[in-house]
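**Student:** Provide a 3D model corresponding to the input given below.
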Amino acid sequence: MAIPAVIVGIAAAAAAAPEVIDKIKHALDALGFDRSCIIELVNTTDERLKLVRSGHDSGGFEQPPAPFLEPRSTMVFSSRSTAAGRGAVGNIGFDGNGFTLFMDWSNPFAGSNDLDASVVGPRANEFVAYAEDNPGHTNARFRCVLSYTDPARYAVGPRSRFASFNFPDRCIRHRNFLGEVTPLDQLAADFQFDVIGRGPGLVALRSVNFPDRFLRHQNFEVKLQPPAGIGDLLWVQDTTFHLDPGLADPGAVTFRSTNFGDRYIRHRNFKLYLEPGDTPLLRADATFRRIPV
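**Tutor:** Prediction:
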């Protein structure tokens, strides 16, 4: 099951630091197991998970799973073979409030790698578990992402339009997948965005009528694009913005890039760009009034 764009960004915000993965990888390399896998469990929900089951049909844990997984965080553990000619085949279960997450993985001595995940229990319909397996005999990377079924659970405030501060009859919109400010058409969904939280003070703007696409900067132009996949970290960075008080009006908002911290979404000739500067014109062009839909 493909991971939706809205979850790609949330999962990246909760991801483990690369050095955590590298430390586990180096430990497995040093021991030289026939089969091994590094498993990431990403919890993008506000639920605390408790480990209630773990075991192996073949092999064992090298880095064992932690007893708890906190909300909006990631756990990393590893599984490996324990005898020549054997695989790493295991399972794990976590309880939440009214649901249980099960994971089963296999890095067999012969055959293809596999990771399966499921959610059961009274609240199971509120959650979905996305499983991603990869090939490889050693250090195979597996990832499970637990998320809400309803993407609106990740929204920060109501669905919104964003009106230009200095051209108040014009609002941010996408057209032909490019960002613009044009006179508002009340019936057009191109002007409406879900504001998705990506961490404290960080947001992404998700299109209402193309929900797999977010506003991003690319070559300092603002476009509406989907991710290439869960590993598309550049897309995550380019679609994540600091939600700051408006540069020209603190009661409004300004979107400041996270990976180019001196640049802001601003309109110029009614097109949207990511540009630096501290002039009265830029401050006005980079300020928008949020209008709940």
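**Student:** shaky segments in the stretch 1-150 of the chain?
**Tutor:** 1, 17 (pLDDT under 70).
**Student:** what are the ranges of the strands in it?
**Tutor:** Under the criterion DSSP state E, counting those that start in this stretch, strands of the stretch 1-150 of the chain are mapped to 36-43, 49-58, 60-61, 68-69, 73-80, 88-96, 99-107, 114-120, 127-132, 140-148.
**Student:** Just give me the neighbour total for residue 136.
**Tutor:** Using other CB atoms under 10 Å, residue 136 is surrounded by 14 other residues. For every residue, glycine as well, the C-beta is placed using N, CA and C.
**Student:** sorry, back to before: please tabulate the strands of the stretch 1-150 of the chain in TSV, including the columns mean neighbour count.
**Tutor:** Listed next are the strands of the stretch 1-150 of the chain as TSV, based on neighbours: other CB atoms under 10 Å:
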stretch	mean neighbour count
strand 36-43	25
strand 49-58	15
strand 60-61	16
strand 68-69	17
strand 73-80	23
strand 88-96	22
strand 99-107	22
strand 114-120	16
strand 127-132	19
strand 140-148	22
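**Student:** can you tell me which of the ones you listed comes nearest to residue 7?
**Tutor:** strand 140-148 (4.7 Å; CB to CB).
**Student:** Contacts for the closest one next, please.
**Tutor:** With contact meaning CB atoms under 8 Å, 6 or more residues apart in numbering, strand 140-148 is reached by 3, 7, 10-11, 36-45, 49, 101, 103, 105, 107, 113, 115, 117, 119, 126-134, 154, 230.
**Student:** Distance to residue 220 for the strands of the stretch 1-150 of the chain - can I get that in CSV?
**Tutor:** Below are the strands of the stretch 1-150 of the chain laid out as CSV (distance: least, CB to CB, whole Å):
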stretch, distance to residue 220
strand 36-43, 30
strand 49-58, 40
strand 60-61, 46
strand 68-69, 38
strand 73-80, 31
strand 88-96, 42
strand 99-107, 41
strand 114-120, 38
strand 127-132, 32
strand 140-148, 31
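**Student:** among the ones you listed, which is nearest residue 16?
**Tutor:** Between residue 16 and the strands of the stretch 1-150 of the chain, the tightest spacing by CB to CB is seen for strand 73-80, at 4.2 Å.
**Student:** Please give me every residue in contact with residue 91.
**Tutor:** Residue 91 neighbours (CB under 8 Å, 6+ apart): 53, 54, 55, 56, 57, 102, 103, 104, 105.
**Student:** whoops, residue 131 was the one
**Tutor:** With CB under 8 Å, 6+ apart, residue 131 has these contacts: 1, 103, 115, 116, 117, 142, 143, 144.
**Student:** Same check on residue 86?
**Tutor:** Residue 86 touches 34, 35, 58, 59, 109, counting by CB under 8 Å, 6+ apart.
**Student:** ok, now residue 240?
**Tutor:** Residues near residue 240 by CB under 8 Å, 6+ apart: 9, 13, 198, 199, 202, 203, 204, 258, 259.
**Student:** Buried only: go through those for me.
**Tutor:** When those are checked for burial by 16 or more other CB atoms under 10 Å, the buried set is 9, 13, 198, 202, 203, 204, 258.
**Student:** will you turn the residues you listed into CSV that also has secondary structure and distance to residue 284?
**Tutor:** As requested, these are exported to CSV (DSSP: H, G, I helix; E, B strand; the rest coil; distance: CB to CB, whole Å):
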residue, secondary structure, distance to residue 284
9, helix, 29
13, helix, 31
198, strand, 26
202, strand, 24
203, strand, 21
204, strand, 24
258, coil, 23
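**Student:** Least confident of the residues you listed?
**Tutor:** Minimum pLDDT across the buried ones among the contacts of residue 240 is recorded for residue 13, with 79.
**Student:** Residue 82 reaches residue 57, doesn't it?
**Tutor:** No. Applying CB atoms under 8 Å, one finds residue 82 not in contact with residue 57, separated by 11.5 Å.
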